[in-house]
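>>> what would the 3D arrangement of this be:
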Amino acid sequence: MNDIVEKAIDGVLVGESSYCKFLSANDSGETGGHQSGILISKTTRDMLFTEKELQENHIKKKTGTIKWQDDFSTSCTFTWYESKNELRITGFGRGFPLLRPDYTGALFVLIKEDDENYLGFIFNTDDDIQTFLDAFGLTPSETNRPIEINKLCLENLEIKAIDAFIDGLDVAFPTSYDMSYAARIIQYDVYANKSLAVKDPDTILLRWTEQEYRLFRSIEHSRYGEIVARGFDSVDNFISLANQVLNRRKSRAGKSLEHHLSAIFDENKIRYTPQARTEGNKKPDFLFPSEDAYHDMTFSVENLCTLAAKTTCKDRWRQILNEADRLRDENKYLCTMQQGISAAQMDEMQDEKVILVVPKPYITAFPADRRNRIWTVRRFVEYVKQMEGIE
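Here you go, the predicted model:
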């Protein structure tokens, strides 16, 4: 690890508070504009000013010393512009070496040691940037905001929980059901987010899915890591193991979404039958409120619906069209983790009365003029709860 990156990581761990962002072209001076200094997120305001200071003047300034790259220091000015709702750091001095056009896209890190002294780091290589972000479990989209140290602690707890689960296994690989269940329990225990299944099912579905993937990869590494490291004495042995790994991945992914949706429905007290038999060999993934209600011809069709669960659906969405004869002329709901489908396919789905149910953050991947056709997971849950008369 680069010594400067290591010092930055240590600084974040012991400092009062810290922040990072990628330098824009305006920050670095590449645009040749008149911006002075570095514009930083207003979420960092409390790191620089007290509430009392902010109430005294709508333009608030304070000076502080920033030690850069653990090497040299500058006296800088922090300014809060209430009318613009923005913060800016200025006063680096003429010829400041770390703000040049070639530093556009570099990662800027600011660490508060006390009210007057700060540490500043700017990393301009992919390796240094990634090392710093990885230390705190950050993705590029999680920058331009204060760094949450608690996240690192939580991730360490998650690693311990995963290790404990693997150590307790008495089989090479758990079933897909057990894997999904373990992922949810780890999320509940480490992040205390069980209530999201009711409050924000879109977010919790993504978190469970990501957690299960991390858990599965950890088990793979535990089971196959040494074998792969030793190498293979023949191509056939390599292909055999590769096929074993790939088949297990496909099997897990195919059922994972169903398991997590079941958990969301359970937490919301929704009645349903999984893999219910409608006619012949037809078995929709979820039938609401029950298989018995479906076969009761006095039960109103308006109070029935099905949901199919398919991780991807570009080619397979037509499979759901005839899963329930009684609902042939009704809307058919399809929950997917697919990120983006062509406009033409969405038009075909609309013609067949298929409504996509997609985690809210994924909706932006679909054609903008057709996004209003897509339901979030929460909207579907609320629809079924209303249909079943659940308060």
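>>> residues in contact with the residue of the chain positioned farthest from its centre?
Seen from the C-alpha centroid of the chain, the residue lying at the greatest distance (CA atoms, centre = their mean) is residue 298, 44.0 Å away. For residue 298, no contacting residues are found, by CB atoms under 8 Å, 6 or more residues apart in numbering. The way it works is simple: take the backbone N, C-alpha and C, and place the C-beta from them, glycine included.
>>> look up how far residue 292 lies from it.
From residue 298 over to residue 292 the distance is 12 Å, taken as CB to CB, to the nearest Å.
>>> please apply the same query to residue 360.
Using CB to CB, residue 360 is found at 33 Å from residue 292.
>>> okay, helices next: where are they in the stretch 101-250 of the chain?
Under the criterion DSSP state H, counting those that start in this stretch, the stretch 101-250 of the chain contains helices at 126-135, 149-167, 176-191, 196-199, 201-230, 235-267.
>>> circling back to that earlier point, quick one: which of residue 360 and residue 292 has more around it?
Applying other CB atoms under 10 Å to residue 360 and residue 292 shows that residue 360 carries more neighbours, namely 18 against 11.
>>> was I right to think the more buried one contacts residue 375?
No - counting by CB atoms under 8 Å, residue 360 sits too far from residue 375 to count as a contact (9.7 Å).
>>> helix, strand or coil for the closest residue to residue 118 other than its chain neighbours?
Spatial nearest neighbour of residue 118, chain neighbours left out: residue 66 (4.7 Å); criterion: CB to CB, 6 or more residues apart in numbering. Here residue 66 is recorded as strand under DSSP: H, G, I helix; E, B strand; the rest coil.
>>> contacting residues around residue 66?
Contact partners of residue 66, counting by CB under 8 Å, 6+ apart, are 73, 74, 76, 89, 110, 118, 119, 120.
>>> picking up where we left off before, to residue 312, which of the helices of the stretch 101-250 of the chain lies closest?
Proximity to residue 312, assessed across the helices of the stretch 101-250 of the chain by CB to CB, is greatest for helix 235-267 (9.1 Å).
>>> and that closest one, what does it pack onto?
helix 176-191, helix 196-199, helix 201-230, strand 286-288, strand 305-310, helix 377-387 (3 or more CB pairs under 8 Å, 6 or more residues apart in numbering; DSSP states H and E).
>>> for the first one, buried residues please.
Same thing as helix 176-191. Across helix 176-191, burial judged by 16 or more other CB atoms under 10 Å covers 176, 179, 180, 181, 182, 183, 184, 186, 187, 190, 191.
>>> show residues contacting stretch 328-335.
257, 261, 301, 304-310, 313, 317, 320-323, 349, 352-358, 375, 377, 380.
>>> any of those buried? List them.
257, 261, 304-310, 313, 317, 320, 323, 349, 354-358, 375, 377, 380.
>>> what's around residue 73, how many residues?
The tally of other residues near residue 73 (other CB under 10 Å) stands at 13.
>>> which parts of the host helix or strand of it are buried?
With secondary structure defined by DSSP states H and E, residue 73 is part of strand 72-81. Within strand 72-81, the residues that qualify as buried are 74, 76, 78, 79, 80, counting by 16+ other CB under 10 Å.
>>> beta partners of the residue lying closest to residue 129 once chain neighbours are set aside?
Spatial nearest neighbour of residue 129, excluding adjacent residues (CB to CB, 6+ apart): residue 107 at 4.6 Å. Taking DSSP bridges as the rule, residue 107 bridges to residue 22, residue 123.
>>> any idea how far the residue nearest to residue 146 when sequence neighbours are not counted is from residue 121?
The shortest distance from residue 146 to any non-neighbouring residue, by CB to CB, 6+ apart, is to residue 19 (5.2 Å). Relative to residue 121, residue 19 is positioned 11 Å away (CB to CB).
>>> so where's the protein uncertain?
1, 31-36, 51, 53-59, 150-153, 245, 248-254 (pLDDT under 70).
>>> how many other residues sit next to residue 134?
11.
>>> in CSV: the buried residues of helix 176-191, plus distance to residue 169.
Shown next, in CSV, are those (distance: CB to CB, whole Å):
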residue, distance to residue 169
176, 14
179, 10
180, 15
181, 13
182, 10
183, 14
184, 17
186, 14
187, 19
190, 19
191, 22
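>>> start to end distance for stretch 158-178?
Stretch 158-178 stretches 17 Å from its first residue to its last (CA to CA, to the nearest Å).
>>> now that stretch: buried residues?
For stretch 158-178, the neighbour count (16+ other CB under 10 Å) marks 158, 161, 162, 165, 166, 174, 176 as buried.
>>> do I have it right that residue 143 meets residue 106?
No - the criterion here is CB under 8 Å, and residue 143 misses it with residue 106 at 11.7 Å.
>>> quickly list what's touching both of the two.
residue 22.
>>> higher neighbour count, the two?
Between residue 143 and residue 106, residue 106 has the larger neighbour count (other CB under 10 Å), namely 21 against 18.
>>> which non-adjacent residue is nearest that one?
Residue 106 sits nearest to residue 124 (CB to CB, 6+ apart), 4.1 Å away.
>>> measure the one you found to residue 102 for me?
7 Å.
>>> of the two, who's got more company?
When residue 124 and residue 102 are compared for neighbours, residue 124 comes out ahead with 16 against 9, by other CB under 10 Å.
>>> OK, contacts around that one?
If you count contacts by CB under 8 Å, 6+ apart, residue 124 has them with 102, 103, 105, 106, 107.
>>> could I get those as JSON lines with distance to residue 338?
Below are the contacts of residue 124 laid out as JSON lines (distance: CB to CB, whole Å):
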{"residue": "102", "distance to residue 338": "39"}
{"residue": "103", "distance to residue 338": "38"}
{"residue": "105", "distance to residue 338": "31"}
{"residue": "106", "distance to residue 338": "35"}
{"residue": "107", "distance to residue 338": "32"}
